[in-house]
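In: what shape does this take:
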Amino acid sequence: MKLKELLKDIPVVAVVGSEDIEITGVNIDSRRIKEGHLFVAMKGTQVDGHKFVPKAVELGAKAVLCEDMPEQKAEGVTYVQVESTEDAVGKVATTFHGNPSTKLKLVGVTGTNGKTTIATLLYNMFTKMGHKCGLLSTVCNYIVDEAIPADHTTPDPIELNALLDRMVQAGCEYAFMECSSHAIAQKRIGGLTFTGGIFTNLTRDHLDYHKTFENYRNAKKAFFDSLPKTAFAITNADDKNGMVMVQNTKATVKTYSTRSVADFKARIIECHFEGMYLEMDGHEVGVQFIGKFNVSNLLAVYGAAVMLGKSPEDVLVVMSTLHSVSGRLEPIHSPEGYTAVVDYAHTPDALENVLNAIHEVLDGKGHVITVCGAGGNRDKGKR
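Out: Residues are numbered from 1 along each chain as shown. Okay, the predicted model is just below:
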């Protein structure tokens with residue numbers, strides 16, 4: 001693709017060199033640069049990519065996208081200056097890969113807890129309904145049934161668009177992805193076109209990065225602010241920030257709740273370690289999940305599937321066959337009569353939800369021993 005074509009949607013400050021050169025790849029990691037690539041110099045939280053411009057040129061970069069024009073310029077290399085490479089990189093990646101998010105139905109899930117569960121269950125549900133699907137999640141990325149290890153909750157814009165492009169080539173009709181607050185704040189999902197967005201909940205997390213709860217909340221809200229009017233926005237009416245998320249969105253807003261009036265509603269009829277019996281939107285359904293928070297997760301899945309055009313009856317039939325995501329409230333029974341429950345809970349709210357779910361099942365007839373830990377050098381207040 002010609003460099004001038006890659007720059008068509010980007011406000012450029014200055015260009016030194018020819019825009020009529022052929023670009024064979026785009027990268028933000030100088031170590032991955034090959035002959036003919038465009039290197040995007042990002043001012044990261046840890047390292048400034050501008051330091052690696054000479055290395056990128058040495059490895060064969062034919063163009064450099066930067067915020068600070070280098071004093072030393074290599075011959076035959078085009079230097080493009082923009083105000084923000086963070087703003088530009090998503091648009092460049094989207095254009096280079098042929099705007100893949102417009103060629104399938106992309107649904108983003110954001111919030112503190114429940115992102116992995118909701119995105120994975122939607123992927124599993126639509127796969128069981130006979131569709132080819134993609135998944136971008138904390139645990140693993142999938143292109144139909146090919147597993148691709150995940151390094152981040154949301155990949156960088158170039159890797160993200162490359163994965164979406166591969167999904168399109170593989171015939172995927174749908175893609176479901178987790179959108180972390182880091183990814184939204186760092187414009188990693190910039191340039192993508194979403195069919196729908198889902199908000200789960202908001203509790204303390206990642207304040208080592210965002211510094212204040214308001215910054216964290218606003219990062220999540222920015223996702224809904226950017227949705228087009230053709231999209232849907234499904235929000236949790238039980239969370240005090242649920243309606244804040246969608247107050248400025250252009251998308252069609254739908255709500256879900258286990259407690260109040262909403263577009264999608266559910267309540268627990270019966271509960272045990274193997275699952276629950278629910279009333280969901282006037283229908284009774286048995287599911288292989290436990291806990292009130294999982295009722296909320298299932299409501300979000302149900303709502304999204306209905307908004308994507310599936311009939312409520314078909315959705316509930318498939319929902320009854322779905323299993324919990326590995327490591328998410330996963331029960332292990334011992335012959336001695338003990339039950340161990342493994343869960344990824346790593347925020348105060350998530351841990352409380354898990355313990356409440358276990359106590360709902362026990363109903364005062366058992367003891368709970370809790371073992372928890374948290375990674376070092378992160379949000380100390382959360383620990």
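
In: helix or strand with the lowest mean pLDDT in the chain?
Out: Ranked by mean pLDDT, DSSP states H and E, the weakest helix or strand in the chain is helix 207-210, scoring a mean of 50.

In: which strands and helices sit next to the helix or strand hosting Phe126?
Out: Element membership for Phe126 (DSSP states H and E) is helix 115-128. Counting contacts by 3 or more Cβ pairs under 8 Å, 6 or more residues apart in numbering; DSSP states H and E, helix 115-128 packs against strand 105-110, strand 133-136, strand 174-178, helix 292-307, helix 312-319. Every residue, glycine included, has its C-beta placed from N, CA and C.

In: of all these, which lies closest to Leu164?
Out: strand 174-178 (6.3 Å; Cβ to Cβ).

In: leaving out chain neighbours, which residue sits closest to Pro100?
Out: Leu164 (3.9 Å; Cβ to Cβ, 6 or more residues apart in numbering).

In: and what of Met177?
Out: Leu136 (3.7 Å).

In: before we move on, what about Ser18?
Out: Closest to Ser18 by Cβ to Cβ, 6+ apart is Thr78, at 5.8 Å.

In: is the one you found bridged to anything, and to what?
Out: Ala63 (DSSP bridges).

In: number of residues surrounding it?
Out: Thr78 has 23 neighbouring residues, counting by other Cβ atoms under 10 Å.

In: what of the one 10 residues further on?
Out: Neighbours of Ala88 under the rule other Cβ under 10 Å: 27.

In: so what's it up against?
Out: The contact partners of Ala88, by Cβ atoms under 8 Å, 6 or more residues apart in numbering, come to Ile10, Val40, Leu65, Val82.

In: helix, strand or coil for it?
Out: Under DSSP: H, G, I helix; E, B strand; the rest coil, Ala88 falls in the helix class.

In: mind giving me a markdown table with the contacts of Ala88 and columns for distance to Ile290?
Out: Shown next, in a markdown table, are the contacts of Ala88 (distance: Cβ to Cβ, whole Å):
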| residue | distance to Ile290 |
| --- | --- |
| Ile10 | 49 |
| Val40 | 45 |
| Leu65 | 49 |
| Val82 | 50 |
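
In: out of those, which is nearest to Leu227?
Out: Distances from Leu227 to the contacts of Ala88, taken by Cβ to Cβ, are shortest for Ile10, at 21.8 Å.

In: for the closest one, which non-adjacent residue is closest in space?
Out: Once flanking residues are discounted, Ile10 sits nearest to Ala88: 4.9 Å by Cβ to Cβ, 6+ apart.

In: for the residue nearest the centre of the chain, give its distance to Arg32.
Out: The chain has Glu178 as the residue nearest its centroid, 1.6 Å off, counting by Cα atoms, centre = their mean. Using Cβ to Cβ, to the nearest Å, Glu178 is found at 24 Å from Arg32.

In: distance between stretch 234-254 and the chain's centre?
Out: Relative to its chain's centre, stretch 234-254 lies at 17 Å (Cα atoms, centre = their mean, to the nearest Å).

In: buried set for it?
Out: By neighbour count with 16 or more other Cβ atoms under 10 Å, stretch 234-254 contains the buried residues 234-239, 241-242, 244-246, 249, 251, 253-254.

In: does Thr235 touch Gln247 like I think?
Out: No. Using Cβ atoms under 8 Å, Thr235 makes no contact with Gln247, being 9.9 Å away.

In: picking up where we left off before, which one of the contacts of Ala88 is nearest Met125?
Out: Nearest to Met125 among the contacts of Ala88, with distances taken as Cβ to Cβ, is Val40, at 36.3 Å.

In: tell me which two of the contacts of Ala88 sit farthest apart.
Out: Ile10 and Val40 (11.0 Å).

In: what do those two both touch?
Out: Residues touching both Ile10 and Val40 (Cβ under 8 Å, 6+ apart) are Ala88, Val92.

In: give me the more crowded residue out of the two.
Out: Taking neighbours as other Cβ under 10 Å, Ile10 and Val40 compare with Val40 leading, 27 against 18.
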